[in-house]
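*Asks:* fold the stuff below for me.
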Amino acid sequence: MPATRKTQASYVLEMMRRLGLDPAEGVVPHFSLSYLTAMHRCAACLAKGECREWLERTPGAVSVPPGFCPNADIFFELQFDQLGRAQTGMSFTPADCDDKDKKT
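*Replies:* All right, here's what the predicted structure looks like:
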């Protein structure tokens, strides 16, 4: 039986969690296209069975996605951005994107 779109999307979210990426950052405009692209790639991926097996046998946290993952490049960029924000003390919240509340 083919996986539903909801199940397919959960693979990318679970993979992101394993890599230490916060799926909630997808609401930030700077990152939303990357998150959306990752979800579409996951939905179209032909390695769903291999992905499910990898997720089941891999420990809770990893630093590198499996070689078969079509989102490896996106995950690397998101990890790099997240590391850079952590080192500079920067963080994003949805409120950061709302210019109407900012005073200059």
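*Asks:* where does the prediction get shaky in the chain?
*Replies:* The model of the chain has pLDDT under 70 over residues 1-10, 26-27, 84-104.
*Asks:* from what I can see R41 touches P70, true?
*Replies:* Yes - assessed by Cβ atoms under 8 Å, R41 is found in contact with P70 at 4.5 Å. Where C-beta positions appear, they are placed from N, C-alpha and C, glycine not excepted.
*Asks:* once you drop chain neighbours, what's closest to P66?
*Replies:* In this structure, P66 finds its nearest non-sequential neighbour in W54, 5.0 Å apart by Cβ to Cβ, 6 or more residues apart in numbering.
*Asks:* what is the burial count for that neighbour?
*Replies:* Here the number of neighbours of W54 (other Cβ atoms under 10 Å) works out to 19.
*Asks:* same check on P65?
*Replies:* Using other Cβ under 10 Å, P65 has 22 neighbouring residues.
*Asks:* who touches it in this structure?
*Replies:* Neighbouring residues of P65 by Cβ atoms under 8 Å, 6 or more residues apart in numbering: 15, 19, 71-72, 75.
*Asks:* save these as TSV, and put in neighbour count, secondary structure and distance to A47 too.
*Replies:* As requested, the contacts of P65 are arranged in TSV below (neighbours: other Cβ atoms under 10 Å; DSSP: H, G, I helix; E, B strand; the rest coil; distance: Cβ to Cβ, whole Å):
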residue	neighbour count	secondary structure	distance to A47
M15	23	helix	12
L19	20	coil	17
N71	23	coil	11
A72	16	helix	12
F75	22	helix	15
